[in-house]
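K.L.:
need a structure here:
(one chain, ligands or ions: 1)
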Amino acid sequence: MTSTVTAQQNSQKMDSFINTLMSKMTLEEKIGQLNLVTGGEATTGSTVSTGVEGKIKSGAIGGIFSMSTPQRIRAAQDLAVKQSRLGIPLIFGMDVIHGYKTIFPIPIGLASSWDMNLVRQTAQIAATEATADGINWTFSPMVDISRDPRWGRFSEGNGEDPYLSSKIAVEMVKGYQGNDLAANNTLMACVKHFALYGAAEAGRDYNTTDMSLHRMYNEYLPPYKAAIDAGAGSIMTSFNDINGVPATANKWLMTDLLRQQWGFQGMVVTDYTAINELIDHGLGDLQRVSALSLKAGVDMDMVGEGYLGTLKKSLEEGKVSQADIDRACRLVLEAKYKLGLFENPYKYCDVNRAKNNILTKAHLAKSREVAAKSFVLLKNDKQTLPFTKKGKIALVGPLANTGANMPGTWSVSADLEHTPSLLQGMKDVLGNKVAIQYALGTNLLDDPAYQERATMFGRTIPRDNRSEQELIAEAIKASEGADAIVAALGESSEMSGESSSRTEIGIPANQQRLLQALLKTGKPVVLVLFTGRPLTLTWENEHVPAILNVWFGGTETGKAVADVLFGDVNPSGKLPATFPKNVGQIPLYYNAKTTGRPLEQGKWFQKFRSNYLDVDNDPLYPFGYGLSYTAFQYNNLRLSTSKLQKQDKITVTVDVKNTGKYDGEEVVQLYIRDMVGSVTRPVKELKGFQKIAFKAGETKAVEFELTEEDLKFYNEKLEFVAEPGEFEVYVGTNSRDVLTSKFELQN
Ligand code: BGC
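P.N.:
Numbers count the residues shown, from 1 in each chain. All right, here's what the predicted structure looks like:
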């Protein structure tokens, strides 16, 4: 009661402050608030903002992004506060995606930890560091579901599952925003990219999306909604076209769904020049597309200055209304108000905080811990891993000696020159206990032009112009006398990320040839796999004894890999996305529908069944998969009742035993299947998971609760309902290997 009253009072206070301010603003000043420009430090498009200083003074800019340090931000804020007519402070944004200076694993890696406390902590640390450096708004979390690993931005999301991604979205928003958005160590979150950006056709970036409402509501929209329900202060439009209307001009999306159905009250910002890009989408000239976007419900225009240049004219011509402009202006001012910028525009400009709160020992230790927990052990035949800390290891491959690639894509503020490489990190951890002999082995890619495209933004991997034979021979030599070979292969950090789609998603052919040569030595070979997306690893899975997928682990990748390879940390990551056998199986995801002609379980090809002639329907590694140095056995799945009454709950219990000789963590996963529905339902849906630590030999009874709420979905009329009838429930170590039980939801 008291908190509702206070919230009401606060909002009245904000309204009256903004009413007063807006009553003094000219039309130009109102439009100026809608203009977001770059500070010139990092950009993702070809357009760069110009004349920024003059525009701030004339009130033609509402915010700046990609600018940092308290000194620079104070100087820009000074221009706004002291030299513009009304002294309205600027908002300062940045792509703080997986850490600010202390970089954490790329989001798909962080998602692989399935550890919600850690997820939240990474966002808190990112907020602490970014705000210490002057920033108060981050363009994160990115929660685009994707089922197409050809899409380069797979790396930036949480994978294929709406339930897992929603949980992560909530933790990220809470981690960034804390309990008090106006505190000087919390950031305003911006959920992106609204919407369906991950469903781009053919996995080609920025491409068309066409999707039924039924699929949208059930499978793609939940994480955005979860982030908004968690209180995210802003949302970013996506670049793509949705069922014929690009997101940035899509009134149904930005107003009917977002504001009216979901009750979103924050600010909507476009993606980089997304309004201007509506011209290329074929929606008309700049004036027309700017008016369309404003009327659709978009408040702030990133970089393109379509609003700045055309809204006045559109108002005069009756193409937009004063109310449209006022709405957008109010929402931008409210965001600033909630951040406390009117109270103190310099609250994020504390040089001492910048000195003391960034890249601290504690932050780096957390980064190392999270990195190790994001790694997924894909294969470990005959317990090749862990190694013992003695003898000699040969470390080979184009990803072995590149610090700049360790943070992974979208780490715009990382200090690339001081990020240790895998080689360095391993040396730091192992000291003189283990001799490490390094060799490049092969270039990242055969084709120098492709390699250049794949190593942009300072993520260079120098090419070695010796012949492939010479490079391989050197690697084989390095492995002489070694107890094992660690092959650091896969993608460079910029082989995923924005505008980095690929049609062949295997390890590049030249790297595979190196791997073949290494395997011929007969020594144990461990593939330490760097990647920003699921790769096709069919050959590797068949031939390489151990594969550790380390994604891109951030600043402390090198040390964290050593921690896991040498057994100080037992890997516990699980895949948040299916790994297909080949590109032709894509899209391949665990929560698929069945067909009228399903393949019989365990079969490959059956004529007139839904399958392929040349490959079976199974993934290489299923969703939720990941091994440990120890083993977990699941027994005795039991339900508290076989009949669930509405309003009641059912307890699902399973005994999980650590049967191996190592302590370890296990992600116990619960899935359901709605056996009969008014519409077709997925064969499995994740509805619960718990990450639990087990001592060697320990057994624990793990409990989940299910209520009617967990069984709900959007039906044909888009009503969110649970339909009475039979449900199967599955619990296991991944989405494939499960114990099964069932219950009935009663009328
Ligand atoms: C990306 C966004 C990002 C923005 C600002 C765009 O190209 O799609 O994710 O937030 O640039 O850097």
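K.L.:
For the stretch 101-250 of the chain, what lies in contact range of the ligand?
P.N.:
Within the stretch 101-250 of the chain, the positions lying close to the ligand (C-beta under 6 Å from any ligand atom) are 139, 192. Glycine gets a C-beta too; all of them are placed from N, C-alpha and C.
K.L.:
Find the closest residue to the ligand in the stretch 101-250 of the chain.
P.N.:
Residue of the stretch 101-250 of the chain nearest the ligand, by C-beta to the nearest ligand atom: residue 139 (3.5 Å).
K.L.:
Tell me which residues touch that residue, please.
P.N.:
Residue 139 makes contact with 65, 93-97, 190, 192, 236, according to C-beta atoms under 8 Å, 6 or more residues apart in numbering.
K.L.:
Mind putting the residues you listed into TSV with pLDDT?
P.N.:
As requested, the contacts of residue 139 are arranged in TSV below (pLDDT from 0 to 100):
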residue	pLDDT
65	96
93	98
94	97
95	98
96	98
97	98
190	99
192	98
236	99
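K.L.:
Restricted to strands, list these.
P.N.:
65, 93-94, 190, 192, 236 (DSSP state E).
K.L.:
Could you dump the residues you listed into JSON lines with neighbour count added?
P.N.:
Output for the ones in strands among the contacts of residue 139, formatted as JSON lines (neighbours: other C-beta atoms under 10 Å):
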{"residue": "65", "neighbour count": "26"}
{"residue": "93", "neighbour count": "27"}
{"residue": "94", "neighbour count": "27"}
{"residue": "190", "neighbour count": "28"}
{"residue": "192", "neighbour count": "27"}
{"residue": "236", "neighbour count": "26"}
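K.L.:
Against residue 69, how distant is the residue of the stretch 101-250 of the chain closest to the ligand?
P.N.:
19 Å (C-beta to C-beta, to the nearest Å).
K.L.:
Doesn't residue 464 lie inside a helix?
P.N.:
No: membership of residue 464 in a helix is not supported by DSSP: H, G, I helix; E, B strand; the rest coil, which gives coil.
K.L.:
Now it. Nearest residue, chain neighbours left out?
P.N.:
Distance criterion C-beta to C-beta, 6 or more residues apart in numbering; nearest residue to residue 464, sequence neighbours excluded, is residue 440 at 5.5 Å.
K.L.:
OK, contacts around the one you found?
P.N.:
Per C-beta under 8 Å, 6+ apart, neighbours of residue 440: 396-398, 400-401, 464, 471, 474-475.
K.L.:
now that we have the residues you listed, which one has the most neighbours?
P.N.:
residue 396 (32 neighbours; other C-beta atoms under 10 Å).
K.L.:
can you tell me how far that residue sits from residue 435?
P.N.:
Residue 396 is 14 Å from residue 435, by C-beta to C-beta.
K.L.:
And residue 32, by the same measure?
P.N.:
Counting by C-beta to C-beta - residue 32 and residue 435 are separated by 63 Å.
K.L.:
what about the two, which has more around it?
P.N.:
Legend: neighbour count by other C-beta under 10 Å for residue 32 and residue 435, higher for residue 32 (24 against 14).
K.L.:
Spatially nearest residue to that one (excluding sequence neighbours)?
P.N.:
Closest to residue 32 by C-beta to C-beta, 6+ apart is residue 60, at 4.1 Å.
K.L.:
Am I right that that neighbour is in contact with residue 33?
P.N.:
No: using C-beta atoms under 8 Å, residue 60 makes no contact with residue 33, being 9.2 Å away.
K.L.:
neighbour-wise, which of the two wins?
P.N.:
Set side by side, residue 60 and residue 33 show unequal neighbour counts under other C-beta under 10 Å, the larger going to residue 33 at 29 against 21.
K.L.:
What sits closest to the more buried one if chain neighbours are left out?
P.N.:
residue 62 is the one closest to residue 33 (C-beta to C-beta, 6+ apart), at 3.9 Å.
K.L.:
Assumed residue 22 was part of a helix.
P.N.:
Yes: when three-state DSSP is applied, residue 22 is found to be in a helix.
K.L.:
if I read this right, residue 507 contacts residue 540, doesn't it?
P.N.:
Yes: counting by C-beta under 8 Å, residue 507 touches residue 540, with 6.7 Å between them.
K.L.:
intersection of neighbour lists for these two?
P.N.:
residue 515.
K.L.:
Show me what residue of the stretch 201-350 of the chain gets nearest to the ligand.
P.N.:
residue 272 (3.8 Å).
K.L.:
any idea of the pLDDT on that residue?
P.N.:
pLDDT recorded at residue 272 is 97.
K.L.:
ok, it - how many residues close by?
P.N.:
21.
K.L.:
quick one: it from residue 649, how far?
P.N.:
46 Å.
K.L.:
Please apply the same query to residue 283.
P.N.:
Noted for residue 283: a distance of 49 Å to residue 649, by C-beta to C-beta.
K.L.:
higher neighbour count, the two?
P.N.:
Taking other C-beta under 10 Å, residue 283 and residue 649 do not tie; residue 283 has more neighbours (18 against 15).
K.L.:
ok, the most centrally placed residue in the chain - contacts?
P.N.:
The residue lying closest to the centre of the chain (C-alpha atoms, centre = their mean) is residue 157, at 2.6 Å. When contacts are counted by C-beta under 8 Å, 6+ apart, residue 157 touches 107-108, 111, 142-146, 165, 198.
K.L.:
same check, this time on residue 700
P.N.:
Contacts of residue 700 (C-beta under 8 Å, 6+ apart): 655-656, 692, 694.
K.L.:
Dump those residues into CSV; add pLDDT, distance to the ligand and secondary structure as well.
P.N.:
Converted to CSV, the contacts of residue 700 look like this (pLDDT from 0 to 100; distance: C-beta to the nearest ligand atom, whole Å; DSSP: H, G, I helix; E, B strand; the rest coil):
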residue, pLDDT, distance to the ligand, secondary structure
655, 98, 44, strand
656, 99, 39, strand
692, 98, 34, strand
694, 98, 39, strand
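K.L.:
which of the residues you listed count as buried?
P.N.:
Buried members of the contacts of residue 700, scored by 16 or more other C-beta atoms under 10 Å, are 656, 692, 694.
K.L.:
what about the second one, distance to residue 661?
P.N.:
Between residue 692 and residue 661 the computed distance is 18 Å (C-beta to C-beta).
K.L.:
Helix or strand, whichever it is, which one in this structure has the lowest mean pLDDT?
P.N.:
Among the helices and strands of the chain, helix 2-24 carries the lowest confidence by mean pLDDT, DSSP states H and E, at a mean of 90.
K.L.:
Tell me which other helices or strands that one touches.
P.N.:
Helix 2-24 sits against helix 322-338, with contacts defined as 3 or more C-beta pairs under 8 Å, 6 or more residues apart in numbering; DSSP states H and E.
K.L.:
So what's the model's average confidence on the helix it packs on?
P.N.:
98.
K.L.:
Buried ones in that helix, by neighbour count?
P.N.:
324-325, 328-338.
K.L.:
Now do that helix and helix 2-24, the angle between them.
P.N.:
Between helix 322-338 and helix 2-24, the angle comes out at 130 degrees (axes from the mean of the first three to the mean of the last three C-alpha atoms, to 10 degrees).
K.L.:
Turn the contacts of residue 700 into TSV, including distance to residue 637.
P.N.:
Compiled in TSV, those are given as follows (distance: C-beta to C-beta, whole Å):
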residue	distance to residue 637
655	9
656	10
692	16
694	18
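K.L.:
which one among these gets closest to residue 86?
P.N.:
Nearest to residue 86, judged by C-beta to C-beta, of the contacts of residue 700 is residue 692 at 55.3 Å.
K.L.:
Quick check: bridge partners of the closest one?
P.N.:
residue 666 (DSSP bridges).
K.L.:
and the residue nearest to residue 32, helix, strand or coil?
P.N.:
Per three-state DSSP, residue 60 ends up coil.
K.L.:
Residue ranges of each domain in this structure, please.
P.N.:
Following the TED database, one gets these domains for the chain: 49-354, 376-566, 631-745.
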